[in-house]
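Colleague: please work out how this folds:
(2 chains)
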Amino acid sequence: EAQVTQNPRYLITVTGKKLTVTCSQNMNHEYMSWYRQDPGLGLRQIYYSMNVEVTDKGDVPEGYKVSRKEKRNFPLILESPSPNQTSLYFCASTSFRQGRSYNEQFFGPGTRLTVL
Amino acid sequence: SQQGEEDPQALSIQEGENATMNCSYKTSINNLQWYRQNSGRGLVHLILIRSNEREKHSGRLRVTLDTSKKSSSLLITASRAADTASYFCATDEGFKTIFGAGTRLFVKA
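Modeller: Residues are numbered from 1 along each chain as shown, chains lettered A, B, ... in the order given. Model prediction:
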């Protein structure tokens, strides 16, 4: 089954304790992305990756790191989490269409993070 | 930056009625997409419309795109209680993806 998986689904942690949220897709997609969703703000893009070893900042990258060492995986790293990073996080992936656009994005189920 | 903005923020209708949601954006796009989200769950892709297309249909969904006005609309015909969800438009800004804040649709049975 084609899917995007995220782990963990729920996480409660404390300020300053490094954490990693994993994301994996089995569709051989080039493009992967991380979003956070906060009430009333919709989804905001944190980082995206157009292929292995190619990553770029979205609109809200501060406090986050990513890496893309393999095509299928795109982990999100919070080196020193703070309470304002409490949010619902989504990973997504898609393929590129010829030219400079991409296709519909497939989303993971989300990770609900609480930072105390 | 928030490129896509949906209107209205919330919409309540009776089952069987049509629901129309609008999305405006600021910069040139290659494509515009509509997604649906059921309460705190993952997003499900509904329709993608390219910048050179004006209208697209999928089942009870109809999407229009007016690039001169930088706007799009999503029409759900003959709505059902199961259509109750939040609907988001998303546009590309280069290879970034910009989502709007969404329209919350409530369909009363």
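
Colleague: name the nearest residue to the residue in chain B that chain A sits nearest to, ignoring sequence neighbours.
Modeller: Closest to chain A within chain B is B:N30: 3.6 Å, counting by Cβ to the nearest Cβ. (Glycine included, C-beta is placed from N, CA and C.) Spatially, and ignoring its direct neighbours in sequence, B:N30 is nearest to A:S101 (3.6 Å; Cβ to Cβ, 6 or more residues apart in numbering or on different chains).

Colleague: touching, that neighbour and B:Q33? I think so.
Modeller: No - in this structure A:S101 lies outside contact range of B:Q33 using Cβ atoms under 8 Å: 10.7 Å.

Colleague: which one's more surrounded, these two?
Modeller: Between A:S101 and B:Q33, counted using other Cβ atoms under 10 Å in any protein chain shown, the more crowded position is B:Q33 (27 against 15).

Colleague: doesn't the more buried one lie inside a strand?
Modeller: Yes - the assignment for B:Q33 by DSSP: H, G, I helix; E, B strand; the rest coil puts it in a strand.

Colleague: tell me the residues of chain B that contact chain A?
Modeller: Selection of chain B residues close to chain A by Cβ under 8 Å from any Cβ of the partner chain yields B:1-2, B:4, B:30-31, B:33, B:35, B:40-45, B:48, B:50, B:88, B:90, B:92, B:94-102.

Colleague: in helices, which of those appear?
Modeller: Among the residues of chain B next to chain A, none falls in helices (DSSP state H).

Colleague: so among those residues, which ones count as buried?
Modeller: B:4, B:30-31, B:33, B:35, B:42-43, B:45, B:48, B:88, B:90, B:92, B:95-102 (16 or more other Cβ atoms under 10 Å in any protein chain shown).

Colleague: flag every residue of chain A that's near chain B.
Modeller: Counting by Cβ under 8 Å from any Cβ, chain A sits next to chain B at A:31, A:33, A:35, A:40-45, A:48, A:50, A:56, A:58-59, A:88, A:90, A:92, A:99-110, A:112.

Colleague: mind doing that once more with 6 Å?
Modeller: Within chain A, the positions near chain B by Cβ under 6 Å from any Cβ of the partner chain are A:42-43, A:45, A:58, A:101, A:104, A:107, A:109-110.

Colleague: who wins for most neighbours among those?
Modeller: Using other Cβ under 10 Å as the neighbour test, the residues of chain A next to chain B are led by A:L43, with 27 neighbours.

Colleague: run through the bridge partners of that one.
Modeller: A:Q37 (DSSP bridges).

Colleague: pLDDT below threshold where in chain A?
Modeller: For chain A, the stretches with pLDDT under 70 are A:98-100.

Colleague: go again with 50.
Modeller: Of all residues in chain A, none has pLDDT under 50.

Colleague: cool, and chain B?
Modeller: Scanning chain B with the threshold set as pLDDT under 50 gives B:1-2.

Colleague: in chain A, what residue comes closest to chain B?
Modeller: Minimum separation of chain A from chain B (Cβ to the nearest Cβ) falls at A:S101, amounting to 3.6 Å.

Colleague: so where does the spatially most central residue of chain A fall, helix or strand?
Modeller: Nearest residue to the geometric centre of chain A (Cα atoms, centre = their mean): A:W34, 2.4 Å. Per DSSP states H and E, A:W34 falls inside strand A:31-38.
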